[in-house]
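Novice: Build me a structure from this.
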Amino acid sequence: MNGFRSRLVSLTRKEFRQLLRDRSNLAIGILLPMVLILIFGYGMSLDVKNAPVAVVMEDASPTAHEAMAGLQLSPTIAPVLLGSMHEAEALMQERKVDGIVRVPADFSRALAAGNARVQLIVHGSDAGRASIIKAYVSGALAQAGVRQADRNGNAAGAPPAGSVAVEQRMWFNAANTSTWYLVPGLIVLIMTLVGAFLTALVMAREWERGTLEALFVTPVRPVEILLAKIIPYFAVGMLGLTLCLLSARYLFAVPIYGSLLVVVFSSMLYLIVAVSLGLVISSVTRNQFLASQVALIATFMPSMMLSGFLFDLRNVPTAVRVVGHLLPATYFMDLIKTLFLAGDVWPLIWRNCAILLAYAVGLLLVARAVTRKSLD
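Specialist: Residues are numbered from 1 along each chain as shown. The predicted structure is shown next:
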(Lines give C-alpha, C1' and ligand atoms only; values in the text may rest on other atoms or scores of the structure.)
Protein backbone atom coordinates (compact mmCIF):
# COMPACT_ATOMS: atom_id res chain seq x y z
CA MET A 1 0.00 0.00 0.00
CA ASN A 2 2.82 2.41 0.78
CA GLY A 3 4.37 1.74 -2.63
CA PHE A 4 1.03 2.22 -4.37
CA ARG A 5 0.44 5.49 -2.52
CA SER A 6 3.88 6.87 -3.31
CA ARG A 7 3.59 5.93 -7.00
CA LEU A 8 0.11 7.47 -7.22
CA VAL A 9 1.27 10.70 -5.57
CA SER A 10 4.31 10.91 -7.82
CA LEU A 11 2.31 10.31 -10.99
CA THR A 12 -0.36 12.77 -9.92
CA ARG A 13 2.28 15.42 -9.14
CA LYS A 14 3.87 14.82 -12.53
CA GLU A 15 0.55 15.24 -14.36
CA PHE A 16 -0.20 18.46 -12.51
CA ARG A 17 3.23 19.84 -13.43
CA GLN A 18 2.73 18.88 -17.05
CA LEU A 19 -0.71 20.50 -17.05
CA LEU A 20 0.67 23.74 -15.60
CA ARG A 21 3.59 23.68 -18.01
CA ASP A 22 1.30 23.54 -21.06
CA ARG A 23 -0.60 26.84 -21.01
CA SER A 24 -2.79 25.78 -23.94
CA ASN A 25 -4.35 23.02 -21.84
CA LEU A 26 -5.17 25.52 -19.11
CA ALA A 27 -6.65 27.90 -21.65
CA ILE A 28 -8.87 25.18 -23.07
CA GLY A 29 -9.87 23.83 -19.67
CA ILE A 30 -10.74 27.26 -18.26
CA LEU A 31 -11.49 29.49 -21.23
CA LEU A 32 -13.74 27.10 -23.17
CA PRO A 33 -16.18 26.50 -20.26
CA MET A 34 -16.31 30.26 -19.61
CA VAL A 35 -17.07 30.95 -23.27
CA LEU A 36 -19.81 28.31 -23.30
CA ILE A 37 -21.37 29.68 -20.11
CA LEU A 38 -21.34 33.26 -21.41
CA ILE A 39 -22.73 32.28 -24.81
CA PHE A 40 -25.49 30.03 -23.50
CA GLY A 41 -26.29 32.27 -20.54
CA TYR A 42 -26.24 35.70 -22.16
CA GLY A 43 -25.90 35.27 -25.90
CA MET A 44 -28.85 32.99 -26.62
CA SER A 45 -32.50 33.77 -26.29
CA LEU A 46 -35.64 32.17 -27.69
CA ASP A 47 -37.73 35.16 -26.68
CA VAL A 48 -38.93 37.71 -29.21
CA LYS A 49 -38.56 41.30 -28.03
CA ASN A 50 -39.18 44.56 -29.90
CA ALA A 51 -39.83 42.77 -33.18
CA PRO A 52 -40.12 45.47 -35.88
CA VAL A 53 -43.54 45.28 -37.58
CA ALA A 54 -44.63 47.72 -40.29
CA VAL A 55 -48.15 49.12 -39.83
CA VAL A 56 -49.66 50.46 -43.07
CA MET A 57 -52.57 52.76 -42.12
CA GLU A 58 -54.72 53.02 -45.23
CA ASP A 59 -57.47 54.19 -42.86
CA ALA A 60 -56.14 57.25 -41.04
CA SER A 61 -59.21 57.75 -38.82
CA PRO A 62 -58.88 58.06 -35.01
CA THR A 63 -60.86 54.81 -34.65
CA ALA A 64 -58.31 52.89 -36.71
CA HIS A 65 -55.38 54.38 -34.80
CA GLU A 66 -57.05 53.53 -31.50
CA ALA A 67 -57.57 49.94 -32.62
CA MET A 68 -53.88 49.67 -33.47
CA ALA A 69 -52.85 51.15 -30.11
CA GLY A 70 -52.46 47.65 -28.72
CA LEU A 71 -49.40 47.16 -30.91
CA GLN A 72 -47.80 50.29 -29.42
CA LEU A 73 -48.28 48.95 -25.89
CA SER A 74 -46.91 45.48 -26.58
CA PRO A 75 -43.34 44.88 -25.26
CA THR A 76 -42.76 42.32 -27.99
CA ILE A 77 -43.78 44.45 -30.99
CA ALA A 78 -42.05 47.60 -32.24
CA PRO A 79 -44.53 49.07 -34.77
CA VAL A 80 -43.22 51.19 -37.65
CA LEU A 81 -45.96 53.41 -39.12
CA LEU A 82 -45.81 53.64 -42.92
CA GLY A 83 -48.00 55.18 -45.58
CA SER A 84 -47.88 52.56 -48.32
CA MET A 85 -47.49 48.85 -48.90
CA HIS A 86 -44.62 49.55 -51.32
CA GLU A 87 -42.47 50.92 -48.49
CA ALA A 88 -43.43 48.05 -46.21
CA GLU A 89 -42.62 45.40 -48.81
CA ALA A 90 -39.21 46.97 -49.45
CA LEU A 91 -38.40 46.87 -45.73
CA MET A 92 -39.62 43.27 -45.52
CA GLN A 93 -37.36 42.17 -48.37
CA GLU A 94 -34.35 43.74 -46.68
CA ARG A 95 -35.36 42.06 -43.39
CA LYS A 96 -35.68 45.41 -41.63
CA VAL A 97 -39.17 44.45 -40.45
CA ASP A 98 -40.46 41.02 -39.48
CA GLY A 99 -44.05 41.60 -40.48
CA ILE A 100 -46.63 43.93 -42.03
CA VAL A 101 -50.03 44.84 -40.58
CA ARG A 102 -52.22 46.32 -43.31
CA VAL A 103 -55.25 48.31 -42.14
CA PRO A 104 -57.68 48.68 -45.09
CA ALA A 105 -59.35 51.96 -46.01
CA ASP A 106 -62.82 50.80 -44.85
CA PHE A 107 -61.60 49.56 -41.47
CA SER A 108 -63.58 52.04 -39.31
CA ARG A 109 -66.88 51.28 -41.05
CA ALA A 110 -66.29 47.53 -40.87
CA LEU A 111 -65.29 47.80 -37.21
CA ALA A 112 -68.61 49.44 -36.36
CA ALA A 113 -70.44 46.69 -38.24
CA GLY A 114 -68.51 43.97 -36.41
CA ASN A 115 -66.66 42.50 -39.42
CA ALA A 116 -63.38 44.44 -39.46
CA ARG A 117 -60.36 42.72 -40.95
CA VAL A 118 -56.67 43.49 -41.12
CA GLN A 119 -54.00 41.71 -43.10
CA LEU A 120 -50.93 40.33 -41.34
CA ILE A 121 -47.93 39.34 -43.45
CA VAL A 122 -45.01 37.72 -41.62
CA HIS A 123 -41.43 37.07 -42.74
CA GLY A 124 -41.36 33.28 -42.66
CA SER A 125 -37.66 32.49 -43.06
CA ASP A 126 -37.58 31.68 -39.35
CA ALA A 127 -40.75 29.64 -38.87
CA GLY A 128 -40.55 29.68 -35.07
CA ARG A 129 -40.11 33.44 -34.84
CA ALA A 130 -42.89 33.96 -37.40
CA SER A 131 -45.33 31.91 -35.34
CA ILE A 132 -44.53 33.92 -32.21
CA ILE A 133 -45.01 37.24 -34.02
CA LYS A 134 -48.34 36.08 -35.46
CA ALA A 135 -49.55 35.14 -31.99
CA TYR A 136 -48.40 38.44 -30.47
CA VAL A 137 -49.98 40.61 -33.17
CA SER A 138 -53.23 38.66 -33.18
CA GLY A 139 -53.41 38.85 -29.38
CA ALA A 140 -52.77 42.59 -29.32
CA LEU A 141 -55.46 43.27 -31.94
CA ALA A 142 -57.92 40.97 -30.18
CA GLN A 143 -57.45 42.90 -26.91
CA ALA A 144 -58.08 46.16 -28.77
CA GLY A 145 -61.30 44.69 -30.17
CA VAL A 146 -62.47 43.59 -26.74
CA ARG A 147 -61.89 47.05 -25.29
CA GLN A 148 -63.78 48.65 -28.18
CA ALA A 149 -66.69 46.25 -27.74
CA ASP A 150 -66.86 47.00 -24.01
CA ARG A 151 -67.04 50.72 -24.69
CA ASN A 152 -69.78 50.23 -27.26
CA GLY A 153 -71.84 48.20 -24.78
CA ASN A 154 -73.17 45.65 -27.25
CA ALA A 155 -76.66 44.46 -26.58
CA ALA A 156 -77.52 40.80 -26.57
CA GLY A 157 -77.80 39.47 -30.10
CA ALA A 158 -76.06 42.51 -31.58
CA PRO A 159 -73.04 42.00 -33.84
CA PRO A 160 -69.78 42.03 -31.88
CA ALA A 161 -68.77 45.58 -32.78
CA GLY A 162 -65.10 46.11 -32.17
CA SER A 163 -63.95 42.61 -33.10
CA VAL A 164 -61.01 42.44 -35.53
CA ALA A 165 -60.27 39.42 -37.69
CA VAL A 166 -56.67 38.87 -38.78
CA GLU A 167 -55.98 37.42 -42.22
CA GLN A 168 -52.51 35.87 -42.01
CA ARG A 169 -49.97 35.25 -44.74
CA MET A 170 -46.36 34.07 -44.56
CA TRP A 171 -43.71 35.28 -46.97
CA PHE A 172 -40.45 33.53 -47.94
CA ASN A 173 -41.48 30.21 -46.37
CA ALA A 174 -44.59 28.89 -48.06
CA ALA A 175 -44.08 25.44 -46.54
CA ASN A 176 -43.99 26.92 -43.00
CA THR A 177 -41.15 24.60 -42.04
CA SER A 178 -37.93 25.22 -40.13
CA THR A 179 -36.04 23.15 -42.74
CA TRP A 180 -36.12 26.10 -45.14
CA TYR A 181 -34.53 28.19 -42.39
CA LEU A 182 -31.91 25.70 -41.20
CA VAL A 183 -30.58 24.22 -44.45
CA PRO A 184 -29.15 27.52 -45.86
CA GLY A 185 -27.53 28.17 -42.48
CA LEU A 186 -25.91 24.74 -42.57
CA ILE A 187 -24.05 25.83 -45.70
CA VAL A 188 -22.34 28.51 -43.62
CA LEU A 189 -21.38 26.02 -40.89
CA ILE A 190 -20.06 23.42 -43.34
CA MET A 191 -17.98 25.95 -45.25
CA THR A 192 -16.62 27.29 -41.97
CA LEU A 193 -15.71 23.77 -40.89
CA VAL A 194 -13.99 22.93 -44.17
CA GLY A 195 -12.38 26.32 -44.74
CA ALA A 196 -11.17 27.42 -41.31
CA PHE A 197 -11.15 24.34 -39.09
CA LEU A 198 -9.70 21.85 -41.58
CA THR A 199 -7.17 24.31 -42.98
CA ALA A 200 -5.92 25.28 -39.51
CA LEU A 201 -5.62 21.63 -38.46
CA VAL A 202 -3.77 20.37 -41.54
CA MET A 203 -1.49 23.41 -41.77
CA ALA A 204 -0.58 23.15 -38.09
CA ARG A 205 0.44 19.54 -38.66
CA GLU A 206 2.87 20.67 -41.34
CA TRP A 207 4.29 23.28 -38.97
CA GLU A 208 4.81 20.54 -36.35
CA ARG A 209 6.55 18.22 -38.78
CA GLY A 210 8.80 20.95 -40.15
CA THR A 211 7.73 20.55 -43.78
CA LEU A 212 6.93 24.25 -44.11
CA GLU A 213 10.35 25.25 -42.79
CA ALA A 214 11.86 22.99 -45.45
CA LEU A 215 9.95 24.97 -48.08
CA PHE A 216 11.14 28.27 -46.64
CA VAL A 217 14.78 27.49 -47.40
CA THR A 218 13.95 27.04 -51.09
CA PRO A 219 13.61 29.94 -53.57
CA VAL A 220 9.79 29.65 -53.33
CA ARG A 221 8.17 32.91 -52.19
CA PRO A 222 5.78 33.14 -49.24
CA VAL A 223 2.93 34.27 -51.48
CA GLU A 224 3.37 31.18 -53.62
CA ILE A 225 3.33 28.97 -50.56
CA LEU A 226 0.12 30.59 -49.32
CA LEU A 227 -1.60 30.27 -52.68
CA ALA A 228 -0.52 26.64 -52.97
CA LYS A 229 -2.07 25.98 -49.57
CA ILE A 230 -5.26 27.92 -50.27
CA ILE A 231 -6.15 26.38 -53.64
CA PRO A 232 -6.65 22.73 -52.50
CA TYR A 233 -8.81 23.66 -49.51
CA PHE A 234 -10.71 26.15 -51.64
CA ALA A 235 -11.48 23.31 -54.05
CA VAL A 236 -12.62 21.07 -51.19
CA GLY A 237 -14.85 23.86 -49.91
CA MET A 238 -16.44 24.39 -53.32
CA LEU A 239 -17.08 20.66 -53.52
CA GLY A 240 -18.82 20.91 -50.16
CA LEU A 241 -20.87 23.86 -51.42
CA THR A 242 -21.96 21.82 -54.46
CA LEU A 243 -23.08 18.95 -52.23
CA CYS A 244 -24.95 21.38 -49.98
CA LEU A 245 -26.78 22.99 -52.89
CA LEU A 246 -27.74 19.62 -54.37
CA SER A 247 -28.94 18.37 -51.00
CA ALA A 248 -30.94 21.54 -50.36
CA ARG A 249 -32.65 21.27 -53.73
CA TYR A 250 -33.25 17.54 -54.11
CA LEU A 251 -33.28 16.16 -50.55
CA PHE A 252 -35.01 18.95 -48.64
CA ALA A 253 -36.82 20.75 -51.50
CA VAL A 254 -35.57 24.15 -50.34
CA PRO A 255 -36.10 26.72 -53.11
CA ILE A 256 -33.43 29.14 -54.31
CA TYR A 257 -35.27 32.30 -55.31
CA GLY A 258 -32.09 34.33 -55.84
CA SER A 259 -29.50 34.07 -58.57
CA LEU A 260 -27.41 30.91 -58.41
CA LEU A 261 -24.42 32.88 -59.70
CA VAL A 262 -24.70 35.29 -56.76
CA VAL A 263 -24.97 32.34 -54.36
CA VAL A 264 -21.78 30.81 -55.77
CA PHE A 265 -19.91 34.14 -55.89
CA SER A 266 -20.76 35.08 -52.29
CA SER A 267 -19.87 31.56 -51.14
CA MET A 268 -16.48 31.86 -52.84
CA LEU A 269 -15.87 35.13 -51.01
CA TYR A 270 -16.73 33.59 -47.65
CA LEU A 271 -14.64 30.49 -48.38
CA ILE A 272 -11.60 32.72 -49.02
CA VAL A 273 -12.29 34.39 -45.67
CA ALA A 274 -12.54 31.03 -43.89
CA VAL A 275 -9.39 29.56 -45.48
CA SER A 276 -7.41 32.73 -44.75
CA LEU A 277 -8.53 32.62 -41.12
CA GLY A 278 -7.40 29.01 -40.89
CA LEU A 279 -3.98 29.97 -42.28
CA VAL A 280 -3.62 32.74 -39.70
CA ILE A 281 -4.59 30.41 -36.83
CA SER A 282 -2.18 27.68 -37.92
CA SER A 283 0.68 30.15 -38.39
CA VAL A 284 0.19 31.61 -34.93
CA THR A 285 -0.32 28.34 -33.02
CA ARG A 286 1.86 25.86 -35.02
CA ASN A 287 0.36 23.04 -32.96
CA GLN A 288 -2.36 20.65 -34.15
CA PHE A 289 -4.19 20.34 -30.87
CA LEU A 290 -4.07 24.03 -30.05
CA ALA A 291 -4.96 25.01 -33.62
CA SER A 292 -8.01 22.75 -33.59
CA GLN A 293 -9.24 24.21 -30.31
CA VAL A 294 -8.64 27.81 -31.36
CA ALA A 295 -10.39 27.20 -34.68
CA LEU A 296 -13.30 25.60 -32.86
CA ILE A 297 -13.66 28.50 -30.43
CA ALA A 298 -12.93 31.32 -32.87
CA THR A 299 -14.76 30.11 -35.99
CA PHE A 300 -17.13 27.16 -35.78
CA MET A 301 -18.85 27.79 -32.46
CA PRO A 302 -19.40 31.54 -33.04
CA SER A 303 -20.68 30.76 -36.55
CA MET A 304 -23.23 28.40 -35.06
CA MET A 305 -24.27 30.45 -32.03
CA LEU A 306 -23.63 34.13 -32.75
CA SER A 307 -24.22 34.52 -36.49
CA GLY A 308 -28.01 34.37 -36.49
CA PHE A 309 -28.14 30.67 -37.40
CA LEU A 310 -30.09 29.60 -34.33
CA PHE A 311 -31.05 32.87 -32.66
CA ASP A 312 -31.95 36.33 -33.91
CA LEU A 313 -29.18 38.74 -32.93
CA ARG A 314 -31.76 41.46 -32.26
CA ASN A 315 -32.89 39.57 -29.16
CA VAL A 316 -29.49 39.33 -27.45
CA PRO A 317 -27.65 41.86 -25.26
CA THR A 318 -25.83 44.70 -27.00
CA ALA A 319 -22.35 43.37 -26.20
CA VAL A 320 -23.17 39.97 -27.71
CA ARG A 321 -24.76 41.65 -30.72
CA VAL A 322 -21.57 43.64 -31.30
CA VAL A 323 -19.48 40.46 -31.16
CA GLY A 324 -21.85 38.79 -33.58
CA HIS A 325 -21.52 41.62 -36.09
CA LEU A 326 -17.73 41.31 -35.97
CA LEU A 327 -17.98 37.79 -37.40
CA PRO A 328 -17.84 37.38 -41.18
CA ALA A 329 -20.19 34.41 -40.82
CA THR A 330 -22.95 36.78 -39.69
CA TYR A 331 -22.95 38.64 -42.99
CA PHE A 332 -22.72 35.47 -45.07
CA MET A 333 -25.55 33.91 -43.03
CA ASP A 334 -27.77 36.91 -43.71
CA LEU A 335 -26.81 36.90 -47.37
CA ILE A 336 -27.29 33.18 -48.06
CA LYS A 337 -30.70 33.02 -46.34
CA THR A 338 -31.90 36.06 -48.27
CA LEU A 339 -30.73 34.57 -51.57
CA PHE A 340 -32.42 31.27 -50.85
CA LEU A 341 -35.76 32.48 -49.51
CA ALA A 342 -36.28 36.10 -50.58
CA GLY A 343 -34.40 36.45 -53.85
CA ASP A 344 -32.01 39.07 -55.16
CA VAL A 345 -32.30 41.96 -52.70
CA TRP A 346 -29.47 43.96 -54.26
CA PRO A 347 -28.88 46.57 -51.50
CA LEU A 348 -28.29 43.74 -49.03
CA ILE A 349 -26.22 41.75 -51.54
CA TRP A 350 -23.87 44.65 -52.34
CA ARG A 351 -23.42 45.57 -48.68
CA ASN A 352 -22.68 42.06 -47.40
CA CYS A 353 -20.45 41.12 -50.35
CA ALA A 354 -18.41 44.29 -49.81
CA ILE A 355 -17.96 43.39 -46.13
CA LEU A 356 -16.88 39.83 -46.99
CA LEU A 357 -14.45 41.16 -49.59
CA ALA A 358 -12.90 43.47 -46.99
CA TYR A 359 -12.52 40.54 -44.57
CA ALA A 360 -10.92 38.40 -47.29
CA VAL A 361 -8.36 41.04 -48.26
CA GLY A 362 -7.54 41.86 -44.65
CA LEU A 363 -7.06 38.23 -43.57
CA LEU A 364 -4.94 37.41 -46.63
CA LEU A 365 -2.65 40.33 -45.78
CA VAL A 366 -2.40 39.16 -42.18
CA ALA A 367 -1.63 35.58 -43.28
CA ARG A 368 1.11 36.85 -45.60
CA ALA A 369 2.60 39.02 -42.84
CA VAL A 370 2.64 36.14 -40.35
CA THR A 371 4.24 33.83 -42.89
CA ARG A 372 6.90 36.43 -43.72
CA LYS A 373 7.78 36.74 -40.04
CA SER A 374 8.36 33.01 -39.89
CA LEU A 375 11.08 33.41 -42.51
CA ASP A 376 13.11 35.80 -40.35
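
Novice: Burial check on the closest residue to Ser276 other than its chain neighbours, number of neighbours?
Specialist: Spatial nearest neighbour of Ser276, excluding adjacent residues (Cβ to Cβ, 6 or more residues apart in numbering): Leu363 at 3.6 Å. Backbone N, C-alpha and C define where each C-beta goes, glycine included. By other Cβ atoms under 10 Å, 20 other residues sit near Leu363.

Novice: What residues of the helix or strand hosting Leu363 count as buried?
Specialist: Leu363 belongs to helix 346-375 when elements are defined using DSSP states H and E. Buried residues in helix 346-375, counted by 16 or more other Cβ atoms under 10 Å: 348-349, 352-353, 355-356, 359-360, 363-364, 366-368, 370-371.

Novice: other SSEs contacting it?
Specialist: helix 211-216, helix 222-246, helix 260-285, helix 328-341 (3 or more Cβ pairs under 8 Å, 6 or more residues apart in numbering; DSSP states H and E).

Novice: Let me know which of the ones you listed is tucked in deepest.
Specialist: Ranked by mean neighbour count under mean count of other Cβ atoms under 10 Å, the helices and strands packed on helix 346-375 are led by helix 328-341, which reaches a mean of 25.

Novice: What separation do you get for Ser6 and Arg13?
Specialist: Note on Ser6: its distance to Arg13, by Cβ to Cβ, to the nearest Å, is 11 Å.

Novice: Please report how far the residue nearest to Ser276 lies from Ala369.
Specialist: 11 Å.

Novice: and the residue lying closest to Ser267 once chain neighbours are set aside, what is it in contact with?
Specialist: Counting by Cβ to Cβ, 6+ apart, Ser267 lies nearest to Leu241, which is 5.1 Å off, once chain neighbours are set aside. Shown in contact with Leu241 (Cβ atoms under 8 Å, 6 or more residues apart in numbering): Ile187, Met191, Val264, Ser267, Leu271.

Novice: Count the residues that sit near Pro75.
Specialist: For Pro75, using other Cβ under 10 Å, the count is 9.

Novice: Mind checking what secondary structure it has?
Specialist: Of the three states, Pro75 takes coil under DSSP: H, G, I helix; E, B strand; the rest coil.

Novice: cool, and Val101?
Specialist: Criterion first, three-state DSSP; result for Val101: strand.
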